[in-house]
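[1] could you look at this predicted model? Sequence included:
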Amino acid sequence: MHQIVIVDDSTTTASILRSLSSKLDGVNSVAFTDAVEALDYLRENSANLVIVDYSMPSITGIEIAKRLRRSMRHLDTPIIMLTASKEPTVRTRALEVGVTAFLNKPVRPQEFKSCVLKHMPVSESAA
């Protein structure tokens, strides 16, 4: 079973992403609306993929990615960043700290599935 950790301060978005994740074979997901709680969880637990919102009130998605990349546990964990921003500097900064891929908000289900399967192949039947 593959583990996806979702970090988004919007309860609605977190719920949508969990719902989309639940439709993928062999995937379990856990969602956090508080970045500090997510980092605490990730300090103690492994994930096969992390999906993080760029813009959050306490800690940005870029800071979360930076902290994950400092951890041996998550050095190679794919990180997908959600963003509504069209600013090229946002993506550049995110890539510099180790973000693997991006999903635009609002998230489209087929794009979500394709991106997740590309960066964390679940099974041939889910593709």
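    Looks like it came in fine.

[2] and stretch 8-21, how far out from the chain's middle?
    Centroid separation for stretch 8-21 versus its chain: 11 Å, with Cα atoms, centre = their mean, to the nearest Å.

[3] how about it as CSV, C-alpha atoms only?
    Only the C-alpha atoms of stretch 8-21 are listed here, as CSV (Å, rounded to 0.1, in the frame of the first residue of the first chain):
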residue,chain,number,x,y,z
ASP,A,8,-3.5,22.0,2.3
ASP,A,9,-5.0,24.6,4.7
SER,A,10,-8.3,24.4,2.8
THR,A,11,-10.4,21.7,4.3
THR,A,12,-12.4,21.5,1.0
THR,A,13,-9.3,21.0,-1.1
ALA,A,14,-7.8,18.5,1.3
SER,A,15,-11.1,16.5,1.2
ILE,A,16,-11.2,16.6,-2.6
LEU,A,17,-7.6,15.4,-2.9
ARG,A,18,-8.3,12.5,-0.4
SER,A,19,-11.3,11.5,-2.4
LEU,A,20,-9.3,11.5,-5.7
SER,A,21,-6.6,9.5,-4.0
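
[4] list the buried ones in that stretch?
    8-9, 13-14, 16-17, 20-21 (16 or more other Cβ atoms under 10 Å). Bear in mind the C-beta positions are built from the backbone N, C-alpha and C, glycine included.

[5] what does it rub up against?
    Applying Cβ atoms under 8 Å, 6 or more residues apart in numbering, the contact partners of stretch 8-21 are 4, 6, 27-29, 31-35, 51-53, 56-57, 82, 105, 107, 109, 112-113, 116.

[6] list the ones among these that fall in strands.
    Cross-referencing the contacts of stretch 8-21 against strands under DSSP state E gives 4, 6, 27-29, 31-32, 51-53, 82.

[7] neighbour-wise, give me the winner out of the residues you listed.
    Highest neighbour count within these: Ile51, with 30 neighbours (other Cβ atoms under 10 Å).
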